[in-house]
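Student: need a 3D model of the sequence below.
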Amino acid sequence: MPFEQQRIDDASGVVILALNGTLTMGNQLMKLEWTIDEILKDQHKKIVLDLSDVGYLDSSAIGVIINCRGKVGVAEGQMRLANPSERVTMILKIAKIYDVLAPDASKEAAIAALTSGS
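Tutor: Coordinates of the predicted model:
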């Protein structure tokens with residue numbers, strides 16, 4: 001399944017990137033980084049990556065997600081992951097990065113965490 005992303009500007013001021021497909025090394029990861037850069041240029045500091053429709057990600061994708069999270073942090077913002085599939089959760093746990101990224105169970109939970117100041 002090809003990778004797609006959709007930007008949704010939530011009424012709460014949180015930008016949601018709904019990701020769909022397979023996240024593997026290639027242009028799609030560059031596109032994700034560019035999108036994060038654009039969001040930050042627009043002065044949006046609260047971002048949710050909705051992983052509910054991501055079927056697979058590789059180590060390159062994990063690296064890009066961590067890099068993007070770092071960029072958001074440098075910009076004094078916050079980025080949360082939401083609703084990873086069972087398979088993506090397993091990959092994050094095998095890579096021993098699940099607890100570091102601490103994904104939320106749902107997009108709504110991630111938005112709530114960002115808007116409550118946590």
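
Student: chain center to the helix or strand containing Ile39, what's the gap?
Tutor: According to DSSP states H and E, Ile39 maps onto helix 27-41. The chain centroid and the centroid of helix 27-41 are separated by 11 Å, computed with C-alpha atoms, centre = their mean, to the nearest Å.

Student: quick one: name whatever helix or strand follows that helix.
Tutor: Note on helix 27-41: by DSSP H and E, the next helix or strand toward the C-terminus is strand 46-57.

Student: elements contacting whatever helix or strand comes next after that next one?
Tutor: For strand 46-57, the following helix or strand on the C-terminal side (DSSP H and E) is helix 59-74. Applying 3 or more C-beta pairs under 8 Å, 6 or more residues apart in numbering; DSSP states H and E, one finds that helix 59-74 contacts helix 27-41, strand 46-57, strand 78-82, helix 98-101. (Glycine included, C-beta is placed from N, CA and C.)

Student: nearest to Val14, of these?
Tutor: strand 46-57 (4.5 Å; C-beta to C-beta).

Student: that older thread, contact partners of the helix holding Ile39?
Tutor: Helix 27-41 is contacted from outside by 2-3, 5, 7, 15, 17, 19, 21, 23, 47, 60-61, 64, 67-68, 71-72, 75, 77, 79, using C-beta atoms under 8 Å, 6 or more residues apart in numbering.
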